[in-house]
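Visitor: Compute the structure for the input listed below.
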Amino acid sequence: MLDIKFLRSNPDIVKENIRKKFQFEKIELVDKVIELDKEYRDAKNRGDELRGQRNAISKQIGMFMAKGQKDDAENAKLQVKNINTELEELEVKETELEAEVRKIMLVIPNIIDDSVPIGKDDSENVEIEKFGEPVVPEYEIPYHVDIMESLDGIDLDSARKTSGNGFYYLKGDIARLHSAILSYARDFMIDRGFTYYIPPFMIRSEVVTGVMSFAEMENMMYKIEGEDLYLIGTSEHSMIGKFIDTIIPEDELPHTLTSYSPCFRKEVGAHGIEERGVYRIHQFEKQEMIVVCHPSDSMNWYNKLWQNSVDFFRSLDIPVRTLECCSGDLADLKVKSCDVEAWSPRQQKYFEVGSCSNLGDAQARRLGIRIKGKDGNYFAHTLNNTVVAPPRMLIAFLENNLNEDGSVNIPEPLRMYMGGKSKIEK
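Guide: Residues are numbered from 1 along each chain as shown. The predicted structure is shown next:
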């Protein structure tokens, strides 16, 4: 969420930013919120003025009564009564206007970084760099579910009976591999100085609206019926929410956290749920990294975070690339974002396995996350990035480690989590 003072002083910059994001329907909201904000401030100023008058008149009542000037006292009481009536009306108006201003401010997008490429959607995202040499073996790479089934590692039919499409049972060595990848990701991030967390898997609505846009919320979040609770779509939601309404001393920054959680997503939209596959599903698990830092450090941390993901995948010898998200592909709260994509030998192309985002002070402003500085308090910057999200990552892993005989190689870093196994065999 932008600072209303910034919007008030720089409406043209805000409108141009909206144009860059191709959200032309929101341009008129800038003038509307400025008008509503003026009404709100006028009402507030009038209220302050009336309170001052009421205090002065109230003091006179006692003086009039002491002097026996009952008529003057009654007249003063009538003035106070009339002021109270107007104040009650003004307070209602203030509350309504403040709520309307906030509602609009929540949908006006954050100012994107100057380095973000301009484009309408993800088809115009820009490749930054490739890491590792993509390999296409001479033998055929089957569909990922076929690989898992050949190793007796997945049961989609039973999951459809119990839960519907978008769910799965993993079993045997594939289930163990899934857990091994998460355990390795946890230790990988701890070794890089991040503090490990397991957060709450449900959060209240004030946290939901603090960490994401309304459009994301509608398309992603599952609400618990009858309660003010939502299932998290990623542990970033809980981890950023952890700092709600806090003031952090400057010398405690940065907070570098890595968190494990299951994730639950409706996946409403153009892509939809796969009937047979584990790429886009309702339930998965993820290791995340989160940073809360000084504003001047956020871009340095942004580069460190996506590099961590690249290093993680390369430690498992999986080729990856980074892809800069264009303006039209950025969620409203994001200042800058890039995707990490893994190589698929079967499709002979890269596909997304993680996303790194710098949100500037947008989440901090919504949630009241401040830094205590020498010259006063100011809003922190927040960032997040995926370390790994199996079972999606399993697709890249299985395709890049499949042998011609159908067995799957286990890279050295994962063997300690797989009981020393170097292969998964039929």
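
Visitor: per-residue pLDDT, Ile273?
Guide: On the pLDDT scale, Ile273 is placed at 63.

Visitor: correction: Lys70
Guide: According to the model, Lys70 carries a pLDDT of 82.

Visitor: which secondary element of this protein has the worst mean pLDDT?
Guide: helix 214-220 (a mean of 77; mean pLDDT, DSSP states H and E).

Visitor: to the chain's geometric centre, what's the distance from that helix?
Guide: A distance of 11 Å separates the centroid of the chain from that of helix 214-220, by CA atoms, centre = their mean, to the nearest Å.

Visitor: Please apply the same query to stretch 160-172.
Guide: 27 Å.

Visitor: again with stretch 221-229
Guide: The chain centre lies 18 Å from the centre of stretch 221-229; the measure is CA atoms, centre = their mean.

Visitor: Determine how far the last residue of it lies from the first.
Guide: End-to-end span of stretch 221-229 (CA to CA, to the nearest Å): 10 Å.

Visitor: Give me the contact list for that stretch.
Guide: With contacts defined as CB atoms under 8 Å, 6 or more residues apart in numbering, stretch 221-229 is touched by 202-205, 208, 230-231, 233, 264-266. For the C-beta atoms, the positions are set from N, CA and C on the backbone; glycine is no exception.

Visitor: Give the buried residues for that stretch.
Guide: By 16 or more other CB atoms under 10 Å, the buried positions in stretch 221-229 come out as 221-222, 229.

Visitor: Mind jotting down where the helices sit in the stretch 51-200 of the chain?
Guide: Assigned by DSSP state H, counting those that start in this stretch, the helices in the stretch 51-200 of the chain fall at 70-105, 144-150, 156-162, 172-191.

Visitor: Could you export the ones you listed as a markdown table, including mean neighbour count and distance to Leu29?
Guide: Output for these, formatted as a markdown table (neighbours: other CB atoms under 10 Å; distance: least, CB to CB, whole Å):
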| stretch | mean neighbour count | distance to Leu29 |
| --- | --- | --- |
| helix 70-105 | 15 | 5 |
| helix 144-150 | 20 | 43 |
| helix 156-162 | 13 | 43 |
| helix 172-191 | 19 | 39 |
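
Visitor: any idea which of these scores lowest on pLDDT?
Guide: When I compare the helices of the stretch 51-200 of the chain, helix 70-105 is least confident, with a mean of 91.

Visitor: Report all helices and strands that it contacts.
Guide: helix 4-9, helix 27-66 (3 or more CB pairs under 8 Å, 6 or more residues apart in numbering; DSSP states H and E).

Visitor: Against Phe167, how distant is the spatially most distant residue from the centre of the chain?
Guide: Residue farthest from the centre of the chain, counting by CA atoms, centre = their mean, is Gly68 at 66.4 Å. According to CB to CB, to the nearest Å, Gly68 stands 83 Å off from Phe167.

Visitor: Next: Asp31.
Guide: 47 Å.

Visitor: what does Lys20 give?
Guide: The spacing between Lys20 and Phe167, counted by CB to CB, is 39 Å.

Visitor: if we can go back for a sec, please tabulate the helices and strands packed on helix 70-105 in CSV and include distance to Leu156, mean pLDDT and mean neighbour count as additional columns.
Guide: Below are the helices and strands packed on helix 70-105 laid out as CSV (distance: least, CB to CB, whole Å; pLDDT from 0 to 100; neighbours: other CB atoms under 10 Å):
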stretch, distance to Leu156, mean pLDDT, mean neighbour count
helix 4-9, 49, 96, 15
helix 27-66, 44, 91, 15
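
Visitor: Format the ones you listed as TSV; extra columns: distance to Cys325.
Guide: Shown next, in TSV, are these (distance: least, CB to CB, whole Å):
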stretch	distance to Cys325
helix 4-9	23
helix 27-66	22
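
Visitor: Can you say which of the ones you listed is nearest to Arg366?
Guide: Arg366 sits nearest to helix 4-9 of all the helices and strands packed on helix 70-105, at 12.8 Å, using CB to CB.

Visitor: Figure out how far the closest one is from the centre of its chain.
Guide: On CA atoms, centre = their mean, the centre of helix 4-9 falls 24 Å from the chain's centre.

Visitor: Where does pLDDT dip in the stretch 201-350 of the chain?
Guide: Residue ranges of the stretch 201-350 of the chain with pLDDT under 70: 268-275.

Visitor: Who are the contact partners of the closest residue to Gly119 other than its chain neighbours?
Guide: With sequence-adjacent residues excluded and distances taken as CB to CB, 6 or more residues apart in numbering, Gly119 is closest to Cys326, at 3.1 Å. Applying CB under 8 Å, 6+ apart to Cys326 gives the contacts 116-122, 124-126.

Visitor: Of these - the most surrounded one?
Guide: Counting neighbours by other CB atoms under 10 Å, Val116 leads the contacts of Cys326 with 22 neighbours.

Visitor: Next, Gly226: phi, psi?
Guide: Dihedral angles of Gly226 (phi, psi; degrees, to the nearest 10) stand at phi 80, psi 0.

Visitor: Would you check how far apart it and Lys266 are?
Guide: 18 Å.

Visitor: Surely Glu236 is in a strand?
Guide: No. Checked against DSSP: H, G, I helix; E, B strand; the rest coil, Glu236 lies outside a strand; its state is helix.

Visitor: what residues are up against it?
Guide: Going by CB under 8 Å, 6+ apart, the list of residues near Glu236 reads 211, 259, 288, 290, 384.

Visitor: How about it, nearest residue that isn't a chain neighbour?
Guide: Asn384 (4.2 Å).

Visitor: Helix, strand, or coil at that neighbour?
Guide: The three-state label given to Asn384 by three-state DSSP is strand.
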